[in-house]
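In: Would you be able to build a 3D model of this:
(2 chains)
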Amino acid sequence: MAKPRDKNDSSDTKLDDISSRLKDLGSRIEAEKSEQRAVEKPSTKYQGASDYSKGYRLASEFVAGVLVGGLVGFGLDKLFGTLPLFLIVFLLLGFGAGILNMSRSANRNPPTAEELRNIPKPDDDEDEDK
Amino acid sequence: MANDPIHQFRLHDLAGPVNIAGYEISFTNSALFMGIIVVTITGILLLAARKGALVPGRLQSVGEMWYGLVDNMVKNVLGEEGKAFFPLVFSLFSFVLVANMIGMFPYFFTVTSHVIVTVSLALFVVCLVVVVGITKHGLGWFKLFVPHGVPLAILPVISIIEIISFLSRPISLGLRLFGNMLAGHIVLKVFAGFVVSLGALGGIGILGAIAPMFMAVALTALEFLVAFLQAFVFAILTCVYLNDALHPSH
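Out: As a prediction, this is how the structure comes out:
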């Protein structure tokens, strides 16, 4: 009984050694990967590509908001025959939508896969506000 | 006229006017170039994939980078469940990219410089977002227009603004691509026109033509960058909008 046990012990220590080395290797690979990811990250973001395109993007977002607002208002006016009323109201709302578009696209980074997996629940927002 | 900067955008029938049920569906130079674009994409990718070597050659690594770029983008923005949209995003990206690049050849027609083409593509994307959103989340998808934690009193106004903001997406997506291509090509043509008309004066005119000549060369480089960038932005915004369909809470 004692002999096999001895054998077992020695193999156990060997196994421990191997498993600890495996763990070590695993953590080293993980570190290497995360480093690579950090290096690769900027290339997948379209934000830093060119200031010219950034400016153009914001301008077109804003113009599109106002344009669509005006179009919706004009359509409603045509429908109900109240020409200036809805056009004015929806132009102003379209202005708001344009600003909203702009602020959203200015703050928008494409979310990474990890961020997508743990999107905060809507309830979390209120806690952050406080 | 060779000097008219707008002339390059003119549509003309190649096979005589064809009318069906009151609609004109003639085969124009725009349609011809769309055909050329599709053939070019298919040809390049088929040639790139033909060998399938373990160590890629030049053409194969172009194909692999092309695929990898879109694959990365879809994975980063949409996650694993966005895989289903990869073919769509890849097709859109390739079409816009090759359309912009083919437009850079002198005397070629730029398909994406017509607002009807770009807005049609954008409208298709946004309609798809609505359809996917409703099939995935049912009527709950409309919560996208009702932001969380807004006081009830101003909720109707905010909802209308959110709806207008959503409706403006195809306009901004399409107008951006159209505007960039149109403006770029006109500016290029105007500077090239300066070179020609100043050079025709002779003497000092040829000296004066040097500056716009350098400008035209620099702008050509910029246009290549813009052509790629706009295709990329179009594709990534498609992904971002599709993300709204998959995960409506924002």
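In: from here on, contacts and neighbour counts on C-alpha atoms
Out: OK.
In: Find the centremost residue of chain B, please.
Out: By C-alpha atoms, centre = their mean, the mean C-alpha position of chain B lies nearest to B:V96, the distance being 4.0 Å.
In: need the strands for the chain, in chain order.
Out: Looking at chain A here, since you left the chain open. Counting by DSSP state E, one finds no strands in chain A.
In: The intended chain is chain B.
Out: Per DSSP E, chain B carries strands over the ranges B:19-20, B:23-24.
In: Counting by contacts, list what the longest helix along chain B packs against.
Out: Longest helix in chain B by number of residues, with DSSP state H as the criterion: helix B:155-201. The contact analysis (3 or more C-alpha pairs under 8 Å, 6 or more residues apart in numbering or on different chains; DSSP states H and E) places helix B:155-201 against helix A:51-80, helix A:83-107, helix B:115-137, helix B:204-208, helix B:210-246.
In: Quick one: closest of those helices to B:V150.
Out: Set against B:V150 and scored by C-alpha to C-alpha, the helices and strands packed on helix B:155-201 come closest in helix A:83-107, at 15.0 Å.
In: Flag every buried residue along the closest one.
Out: Within helix A:83-107, the residues that count as buried by 16 or more other C-alpha atoms under 10 Å in any protein chain shown are A:86-87, A:90-102, A:105.
In: Show me the subset of these that also lies near chain B.
Out: A:L93, A:G94, A:G96, A:A97, A:G98, A:L100, A:N101 (C-alpha under 8 Å from any C-alpha of the partner chain).
In: coming back round to it: okay, the helices and strands packed on helix B:155-201 in CSV with distance to B:A153 and mean pLDDT next?
Out: Formatted as CSV, the helices and strands packed on helix B:155-201 follow (distance: least, C-alpha to C-alpha, whole Å; pLDDT from 0 to 100):
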stretch, distance to B:A153, mean pLDDT
helix A:51-80, 21, 88
helix A:83-107, 16, 88
helix B:115-137, 27, 92
helix B:204-208, 65, 85
helix B:210-246, 26, 90
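In: closest one to A:S20 among those?
Out: That would be, of the helices and strands packed on helix B:155-201 and by C-alpha to C-alpha, helix B:210-246, which comes in at 41.4 Å.
In: how about that closest one, does it reach chain A?
Out: Yes: using C-alpha under 8 Å from any C-alpha, helix B:210-246 reaches chain A at B:V226, B:L229, B:F232, B:V233, B:V240.
In: Kindly report the same for stretch B:49-66.
Out: No: using C-alpha under 8 Å from any C-alpha, we find that stretch B:49-66 stays clear of chain A, coming within 12.9 Å at best.
In: So what touches that stretch?
Out: Stretch B:49-66 is contacted by residues B:I44, B:L45, B:L47, B:A48 when judged by C-alpha atoms under 8 Å, 6 or more residues apart in numbering or on different chains.
In: Repeat that for stretch A:16-28.
Out: With contacts defined as C-alpha under 8 Å, 6+ apart, stretch A:16-28 is touched by no residue outside it.
In: returning to that earlier point: from the buried residues of helix A:83-107, pick the one nearest chain B.
Out: Taking C-alpha to the nearest C-alpha as the measure, chain B lies nearest A:A97 of the buried residues of helix A:83-107, at 4.9 Å.
In: how close does the closest one get to A:I88?
Out: Using C-alpha to C-alpha, to the nearest Å, one gets 14 Å for the distance from A:A97 to A:I88.
In: What of B:M213?
Out: Distance from B:M213 to A:I88, by C-alpha to C-alpha: 48 Å.
In: Equivalent analysis for B:I160, please.
Out: Distance, B:I160 to A:I88, by C-alpha to C-alpha: 14 Å.
In: Pipe the ones next to chain B among the buried residues of helix A:83-107 into JSON lines and attach distance to B:S172 per row.
Out: Shown next, in JSON lines, are those (distance: C-alpha to C-alpha, whole Å):
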{"residue": "A:L93", "distance to B:S172": "17"}
{"residue": "A:G94", "distance to B:S172": "13"}
{"residue": "A:G96", "distance to B:S172": "15"}
{"residue": "A:A97", "distance to B:S172": "12"}
{"residue": "A:G98", "distance to B:S172": "10"}
{"residue": "A:L100", "distance to B:S172": "13"}
{"residue": "A:N101", "distance to B:S172": "10"}
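In: ok, and for stretch B:75-92, which residues are buried?
Out: For stretch B:75-92, burial by neighbour count (16+ other C-alpha under 10 Å) applies to B:K75, B:N76, B:V77, B:L78, B:G79, B:G82, B:F86, B:V89, B:F90, B:L92.
In: pLDDT added to those residues, as TSV?
Out: Shown next, in TSV, are the buried residues of stretch B:75-92 (pLDDT from 0 to 100):
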residue	pLDDT
B:K75	90
B:N76	87
B:V77	87
B:L78	87
B:G79	84
B:G82	84
B:F86	93
B:V89	94
B:F90	95
B:L92	95
